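1. 3D model of this:
(chains A and B)
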Amino acid sequence: MLEIQSLRTGYGPIEVVHGIDMTVREGECVALIGANGAGKSSTLKTICGLLPARSGQIRFDEQDITNRKGHAIVKAGITMCPEGRQVFPGMTVMQNLRLGAYARKGADLDQMLDMFPILRERAGQAAGTLSGGEQEMLAIARALMSQPRLCIFDEPSLGLAPKIVAEVAETIARIKATGMTILLVEQNSLMALRLADRAYLFEAGEIVLEGTGAELQTHPEVVKAYLGH
Amino acid sequence: MTEILQQIINGIAIGGVYVLIALGLTIVFGILGIAHFAHGSVSMFGGYLTFFLAAQHGIPLALAITIALITGMVLGVLIELLAYRPVRHANHINAFIVALGLTMMVEGANLQFFGAEQIVIPTGATRVFSIGGVTLPELRLYVILAAAALIAAMTIFVEKTKTGQAIRAVAENRDAAILMGINVQMIPLVVFAISTALGVAAGVMVGSLFAIAPGVGEGLVVKGFAVLILGGLGSIPGAVVGGIVLGVTEALAAGFISSAYKDVIAFVVMIAVLLLRPQGLMGRA
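-> The predicted model follows:
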């Protein structure tokens, strides 16, 4: 579904992703793991059109989407739940959700509120007044509102309490169970590998390892560097 | 008591003009972070154009105003595309310089096209209503009603329409707005079209209530920014509250203290408000 070939990207004069190849197949949950600054989030931003690719190609559904405008990529069926949640703080929960459906006609708010009951309780509240966990749920729900075919999560557990992290993991697992194709970047490598069918390990802007979630969970290098036991 | 009421009504009329100017400035500032100094001069262009069409070419006033509003929208789009878009990703000082240069250009164009003579848009609205000792000239009433209608329309547009929500989204978080599928290249065009149309409406009001002459626009944009700071930068309710507060304070000051000091008093009140609420009346801390 998503194919990336020799992708290079970066900020200003600094290149942070040095030619990576990866794929996400339909219905699959793929995780990108690795240390801070390894280029995972930059890769996601480049897919979504927030960061220009320097070279290489990104294909989605056999179509070249490299360096297309961000809004066109959303229209193509890719959505991202961004790092740090990025809800619209002054707007209500409902307004945030409706914006999630901006790129398409209609909006089945009820279905989404059934899936996230906490958001129904907070419907009229400004998003900025929600707790971190609630904001994460809102960001996830807002991303799903566009009815994407590929849903990207960038650091969904960042800055959340352990109990909330478990909730977020459970939510992503539920979304995966609906057959959604998922690309996940997560600092919490154990959580990521448990959720993922396949994973790529990033090191200094390159992919150094690829395998199933289960394989990487027991891979000595991963265990030593990222799972810490 | 009637005197106070009288001054408050006068203040609301001029406050309505300030609100329209400030709304235009605040949506531009909220979306693009630009201090659009040329806004006052562009507004005056709208007033001049209305005068030119109505008084000099005998076009009915309502039609003249409509033409001026539409011209304003087109002008707004052109200003964004030709003046501000090229410096979009440059240092902020560049947009600042562009704004100052644009002010001079528009002022110069106004002088060239419409001359240095002071003009007053003839409205024919000369009746004066009197309610319990308070006099309300017909024209002031129309200005207040028109300003209220435009503020209401603007609020409904921003809160209830998809495009309005997209504008708010871009103002709150540009990257997240892109992820919603919002075309962020289009939004500034819409914002400048609306902003300039509101400015033209204010220009027509100034031209009919008072007079338009070279320099009036610059004075008005200073008031507009004062309202913006008073209300809270980028805040739409702030622009409304701030504009009314400034207008009424000025009118009360002029009525009870001295009209020569009305600006001084209005700015003293503004400074006092900012000492207590540095983020402005409706701004977020």
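2. For B:Phe114, which non-adjacent residue is closest in space?
-> Spatial nearest neighbour of B:Phe114, excluding adjacent residues (CB to CB, 6 or more residues apart in numbering or on different chains): B:Tyr48 at 4.2 Å. C-beta: built from backbone N, CA, C; applies to glycine.
3. Same check on A:Ser6?
-> Closest to A:Ser6 by CB to CB, 6+ apart is A:Gly56, at 4.1 Å.
4. And the helices in the stretch 101-250 of chain B?
-> B:138-160, B:162-172, B:174-179, B:187-209, B:216-231, B:236-256 (DSSP state H, counting those that start in this stretch).
5. Run through who's touching stretch A:164-184.
-> Outside of stretch A:164-184, the residues within contact range by CB atoms under 8 Å, 6 or more residues apart in numbering or on different chains are A:1-2, A:24-32, A:44, A:47, A:115, A:132-133, A:136-137, A:140, A:144, A:148-153, A:156-157, A:160, A:188, A:191-192, A:194-196.
6. low-confidence ranges in the chain?
-> I'll assume chain A. Scanning chain A for pLDDT under 70 picks out the ranges A:228-229.
7. other chain: chain B
-> Residues of chain B that meet the cut-off, pLDDT under 70, sit at B:284-285.
8. ok and the residue in it nearest chain A?
-> B:Gly181 (2.8 Å; CB to the nearest CB).
9. could you check the angle helix B:236-256 makes with the longest helix along chain B?
-> When chain B is parsed with DSSP state H, its longest helix is helix B:2-32. With axes from the mean of the first three to the mean of the last three CA atoms, to 10 degrees applied, the angle from helix B:2-32 to helix B:236-256 works out at 150 degrees.
10. list the buried ones in helix B:2-32?
-> By 16 or more other CB atoms under 10 Å in any protein chain shown, the buried positions in helix B:2-32 come out as B:6-32.
11. In strands, which of the contacts of stretch A:164-184 appear?
-> Members of the contacts of stretch A:164-184 lying in strands (criterion: DSSP state E): A:2, A:24, A:29-32, A:150-153.
12. sorry, back to before: determine which stretch of the helices of the stretch 101-250 of chain B is the most buried.
-> helix B:187-209 (a mean of 26; mean count of other CB atoms under 10 Å in any protein chain shown).
13. ok, now which ones touch A:Thr66?
-> With CB under 8 Å, 6+ apart, A:Thr66 has these contacts: A:53, A:56-59.
14. now these in JSON lines, with neighbour count, distance to B:Met205 and secondary structure?
-> Below are these laid out as JSON lines (neighbours: other CB atoms under 10 Å in any protein chain shown; distance: CB to CB, whole Å; DSSP: H, G, I helix; E, B strand; the rest coil):
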{"residue": "A:Ala53", "neighbour count": "21", "distance to B:Met205": "50", "secondary structure": "strand"}
{"residue": "A:Gly56", "neighbour count": "17", "distance to B:Met205": "56", "secondary structure": "strand"}
{"residue": "A:Gln57", "neighbour count": "15", "distance to B:Met205": "56", "secondary structure": "strand"}
{"residue": "A:Ile58", "neighbour count": "24", "distance to B:Met205": "52", "secondary structure": "strand"}
{"residue": "A:Arg59", "neighbour count": "15", "distance to B:Met205": "56", "secondary structure": "strand"}
